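Peer 1: this is the structure alone, sequence omitted:
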């Protein structure tokens, strides 16, 4: 039961982090300023991918922990 709570808490924390990282403005996506460097977009994409990978890794670790605790 404790492992399920941990999994739920980890999943909820990951969703909150992703939502906070993605929802930094209201309304439609603004157009990029004319002087914006195109290199900023891949960097932001890489950062978001790292966050997603970390969340998936944490969820998988919690799932493994829950499975091993249930087997005991």
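Peer 2: Yes, it's here. None of these values were measured; they are calculated from a predicted model.

Peer 1: helices of this structure, start to end?
Peer 2: 2-22, 40-71 (DSSP state H).

Peer 1: could you dump those helices to CSV with mean pLDDT and mean neighbour count?
Peer 2: Using the backbone N, CA and C atoms, a C-beta is placed for each residue, glycine as well. Putting the helices of the chain into CSV (pLDDT from 0 to 100; neighbours: other Cβ atoms under 10 Å) gives the following:
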stretch, mean pLDDT, mean neighbour count
helix 2-22, 75, 13
helix 40-71, 86, 12
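
Peer 1: how far away is residue 56 from residue 63?
Peer 2: Note on residue 56: its distance to residue 63, by Cβ to Cβ, to the nearest Å, is 10 Å.

Peer 1: I meant residue 41, not that one.
Peer 2: Distance from residue 41 to residue 63, counting by Cβ to Cβ: 33 Å.

Peer 1: cool, and residue 11?
Peer 2: In terms of Cβ to Cβ, residue 11 sits 10 Å off from residue 63.

Peer 1: ok, residue 66 touching residue 9?
Peer 2: No: the pair residue 66 / residue 9 is not scored as a contact, 11.7 Å apart, by Cβ atoms under 8 Å.

Peer 1: overlap of the contact sets of these two?
Peer 2: Common contacts of residue 66 and residue 9 (Cβ atoms under 8 Å, 6 or more residues apart in numbering): none found.

Peer 1: for the spatially closest residue to residue 55 that is not a sequence neighbour, what are its contacts?
Peer 2: Nearest non-adjacent residue to residue 55, counting by Cβ to Cβ, 6 or more residues apart in numbering: residue 14, 3.4 Å away. Contact partners of residue 14, counting by Cβ under 8 Å, 6+ apart, are 54, 55, 58, 59.

Peer 1: good, wrapping up.
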